[in-house]
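Q: fold the stuff below for me.
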Amino acid sequence: MRTYFDAYLAKRYKSASQKIRVLTESWVKSQIFCPGCGHDVKSYAHNKPVADFYCPSCREEFELKSKKDNIGKKIVDGAYRTMIERLQDSNNPNFFLLNYALQGFKVVNFFVIPKYFFIPRIIEKRKPLSQTARRAGWIGCNILLQNIPSSGRIFYIRNRKVESRKHVLENWRKTLFLKDSEKPELKGWILDIMNCIDRLNKRDFLLSEIYNFENELSARYPNNKYIKDKIRQQLQFLRDKGYLDFVSRGHYRLT
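A: Have a look, this model is predicted:
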């Protein structure tokens, strides 16, 4: 996989934003395969309202977001209301995120976030534009990357290192079970526990360590008086889906 843009493609453009759009979209079209089936992705015409790319084999759709320098904790997106409405739509696209270095037009990171990791909680509402702005009152949003579990960020390129096609496809399949979790609160609980596991920063962990997040989860779900029971329930669910292994009583391991 080539990890740099073809700078020649942008020579006829004067606008910096146009140059980056052409370079990034051309790179994705020529280098990236569908994480679901491995088929090369194709680009939509520019009048497609939501997605930028699609897989002609399995019909997955993808929207591309690009950012120079560091990825950071959030990505600027479009209208808040539109984004929230899209989360309820089964045709909501997956997200490609491309992080590049302007010097040398090098790709630093490239990953995909499956659409089923998107819930309202990861969408941050921005302040309305001022009354003097051209679109006065318009409200945009940010995608809060720090609220997405690490398993929801499937890297093709991480810190300039290319991941194998096999690794990308395996990581995509690992969380497909979330597609079936349609109720937002149920999915929210699953993602919360996945994030708690991430924060332990180790493959093997104990139930007692997840219990340490009880107060935090209680604040998020104030109507639930049985937080520890819910924690155990979600761990069992993740075990049944192959995300975790049950090693021994109160002892789990990430697969």
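
Q: surely L191 meets P120?
A: No: counting by Cβ atoms under 8 Å, L191 stays clear of P120, with 11.6 Å between them. No exception for glycine: its C-beta is placed from N, CA and C like everyone else's.

Q: tell me the confidence at A101?
A: If you check A101, the pLDDT there is 93.

Q: to clarify, my last question referred to S181.
A: Per the predicted model, pLDDT is 67 at S181.

Q: so which residues of this structure form helices?
A: Using DSSP state H, the helices of the chain run over residues 16-31, 80-87, 165-174, 184-200, 207-211, 214-220, 227-240.

Q: ok, back up a step: higher neighbour count, L191 and P120?
A: L191 (24 against 12; other Cβ atoms under 10 Å).

Q: need phi/psi at the nearest residue to that one once chain neighbours are set aside.
A: Distances taken as Cβ to Cβ, 6 or more residues apart in numbering place P149 nearest to L191, at 6.0 Å, with adjacent residues excluded. For P149, the backbone dihedrals (degrees, to the nearest 10) come out as phi -60, psi 150.

Q: I figured P149 hits F117, correct?
A: Yes: between P149 and F117 there is a contact under Cβ under 8 Å: 7.2 Å.

Q: shared neighbours, the two?
A: L191 (Cβ atoms under 8 Å, 6 or more residues apart in numbering).

Q: OK, contacts around T3?
A: K106, V107, I157, R160, V162.

Q: again, but for S66
A: Shown in contact with S66 (Cβ under 8 Å, 6+ apart): I20, T24, L97, L98, N99, Y100.

Q: need the max-distance pair from the residues you listed.
A: I20 and L97 (14.1 Å; Cβ to Cβ).

Q: burial of G137, as a residue count?
A: G137: 9 surrounding residues under other Cβ under 10 Å.
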